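# A predicted structure for the sequence below; I have some questions about it.
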Amino acid sequence: MRFIRKDKMETDKKIKHALVSVYYKDGLDEILKKLHAAGVRFVSTGGTQKFIEASGFPCKTVESLTGYPSILGGRVKTLHPKVFGGILARRDNESDKEQITQYEIPEIDLVIVDLYPFEETVATGADESCVIEKIDIGGISLIRAAAKNYKDVVIVASKDQYAPLLRLLAEKGAQTTLEERKWFAKKAFAVSSGYDGAIFNYFDRDDSSAFRIAIDGAHVMRYGENPHQKGIFYGNFGSLFEKLSGKEISYNNLLDIDSAVTLIDEFNELTFAILKHNNACGIASRPAILAAWKDALAGDPVSAFGGILVTNGTVDKSVAGEISKIFFEVIIAPAYTSEALSTLMQKKNRIILKRKKTSGDAPAKQFRSLLNGVLVQDRDLSIQTSADLEPMTKKTPSETEITDLLFANKLVKHSKSNAITLVKNKQLCASGVGQTSRVDALKQAIEKARSFNFDLNGAVMASDAFFPFPDCVEIAKAAGITAVIQPAGSVNDHLSVAYCDEHDMSMVKTGVRHFKH
């Protein structure tokens, strides 16, 4: 027991001196109060030093410690041996102790610092001179120094760590364990690495010479795609959605939620969609939300079981009553009436999400790990309008067919390749997705549409890529399809066009392929 107590005494450290230099001061006063009550002395710079004194606490200036004023327009304030010596000095190293005594360097046990808002400045579109001035030098150096010497020093590198520090001070006073100091050091290196990554990305811009990304907010899932896989989500889910009710969101739920919101954001009309395994199994645009739901469900009432529901309209009592007749995992909408929520919340496991933002706030780049690296691409933000459609056949589509062709093209963009979608009257009749053959995708779609009693006469077809042979338009014609939209680009385009001309079908091209793997 004596040995354990001695070891504890060696690793526990009392905070006596604190260097405080922060950009964001909200929440700092409570920390200062607790530290002062514990007898901690402060040293600080410029505005922070004035803030500390205005809060009623004595504070020594860095200039009085170093003997040098802040110079070069504030670029050099803390970069001095009397500051960094006090942070980096190893308390159990006799040579270090002799040197700080010789040069009258006070030990600094706590560093509270944050960094200039570099990313926020870039986001404002500020010119380069303003951006460069927001590259922090002294702050990042203080963070690295204090984190490196975590055996003796506590580092609070962001206002996000104010709450943990306050809890620590409330529970134990101005005393920390080695484990606690190491935790703060880990958080500090996360801050510094993310900050440096943002600066690199600013300078690298479109060169893409290296991959650097830092995302905070780790949320450990129950498991990954399957129970034997570990899963973690990094990000701020709460900035996009308000979770109103339901069980814990799973890894697979997140994949479906992402697919659902990126799909629904393609539509300006009131639309309801049902997704399963990242693909739409039902979707319809209608003037009224109840009609949109019923026609979306009609697309595939079997696959809708356990699906993800999404709409861009307000969910009211009538819709809530209808959708509650089936089992579903998640519903996403921008708003709900109180009566609708009362109905939906009767099943406590249902995940009810209210959107705060659109997917227009999603990152412009997508990436995935594979092999021994990372694959990065621009997000597919291309979607076609009637002005982008170029007729390929003698017959041109009617206005109604153009509306359906554009609807089908949006769906095929968000379906797993190879993909075919069949649409009639702004309703998905069926889709064939994830097939190794485009012909198989079409056959799958036709068979499914017929199984749910859809009349495909007058329906339209969209393909995510070109037709290498005329077999797909031949099959489509036999099923009653009258208009086709595709990217085109095959050396055999003329064969499909010739067949359409011979059989009174219209075909338009977009020139844009929408593979999704």
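Thanks, I have it. Fair warning: this is a prediction, and the values are worked out from it, not measured in the lab.

# for this structure, which residues score under the pLDDT cut-off?
Along the chain, segments meeting pLDDT under 70 span 1-10, 358-361.

# pick out the residue nearest the middle of it.
Of all residues in the chain, the one closest to the mean position by C-alpha atoms, centre = their mean is residue 235, 5.2 Å from it.

# and that one, what does it touch?
When contacts are counted by C-beta atoms under 8 Å, 6 or more residues apart in numbering, residue 235 touches 215, 217, 219. All C-beta spots, glycine's among them, are computed from the backbone N, C-alpha and C.

# try 7 Å this time
Contacts of residue 235 were listed using C-beta atoms under 7 Å, 6 or more residues apart in numbering, and they are 215, 217.

# from residue 186, how far off is it?
19 Å (C-beta to C-beta, to the nearest Å).

# what sits closest to residue 24 if chain neighbours are left out?
In this structure, residue 24 finds its nearest non-sequential neighbour in residue 159, 4.8 Å apart by C-beta to C-beta, 6 or more residues apart in numbering.

# same check on residue 18?
residue 110 (4.0 Å).

# now that neighbour, what are its backbone angles?
When read as degrees, to the nearest 10, the backbone of residue 110 gives phi -140, psi 130.

# repeat for the one 5 residues further on
When read as degrees, to the nearest 10, the backbone of residue 115 gives phi -110, psi 150.

# neighbours of it, how many?
With neighbours defined by other C-beta atoms under 10 Å, the count for residue 115 comes to 24.

# helices along the stretch 51-200 of the chain, start to end?
62-66, 81-88, 94-102, 118-123, 128-133, 138-148, 162-172, 178-204 (DSSP state H, counting those that start in this stretch).

# buried set for the first one?
Looking back up the chat, that one is helix 62-66. Buried residues in helix 62-66, counting neighbours by 16 or more other C-beta atoms under 10 Å, are found at 62, 65, 66.

# sorry, back to before: mind putting the helices of the stretch 51-200 of the chain into a markdown table with distance to residue 11?
Listed next are the helices of the stretch 51-200 of the chain as a markdown table, based on distance: least, C-beta to C-beta, whole Å:
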| stretch | distance to residue 11 |
| --- | --- |
| helix 62-66 | 28 |
| helix 81-88 | 19 |
| helix 94-102 | 18 |
| helix 118-123 | 35 |
| helix 128-133 | 41 |
| helix 138-148 | 17 |
| helix 162-172 | 14 |
| helix 178-204 | 4 |
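
# between the two ends of stretch 209-225, what distance do you get?
Using C-alpha to C-alpha, to the nearest Å, the end-to-end distance of stretch 209-225 comes to 32 Å.

# hang on, I meant stretch 495-509
First-to-last residue span, stretch 495-509, C-alpha to C-alpha: 14 Å.

# show residues contacting that stretch.
Against stretch 495-509 from outside (C-beta under 7 Å, 6+ apart): 389-397, 401, 405, 467, 469-470, 473-474, 477, 482-488.

# among those residues, name the buried ones.
For the contacts of stretch 495-509, buried by 16+ other C-beta under 10 Å: 389, 392-393, 397, 401, 405, 467, 470, 473, 477, 482-488.

# confirm that residue 352 sits in a strand.
Yes: counting by DSSP: H, G, I helix; E, B strand; the rest coil, residue 352 falls inside a strand.

# show me what contacts it?
Residue 352 sits in contact with 244, 245, 246, 331, 344, 345, where contact means C-beta under 7 Å, 6+ apart.

# show me which pair in those is furthest apart.
331 and 345 (11.0 Å; C-beta to C-beta).

# of these two, who's got more company?
Remark: of residue 331 and residue 345, residue 331 carries more neighbours, 27 against 15, as counted by other C-beta under 10 Å.

# noted, bye for now.
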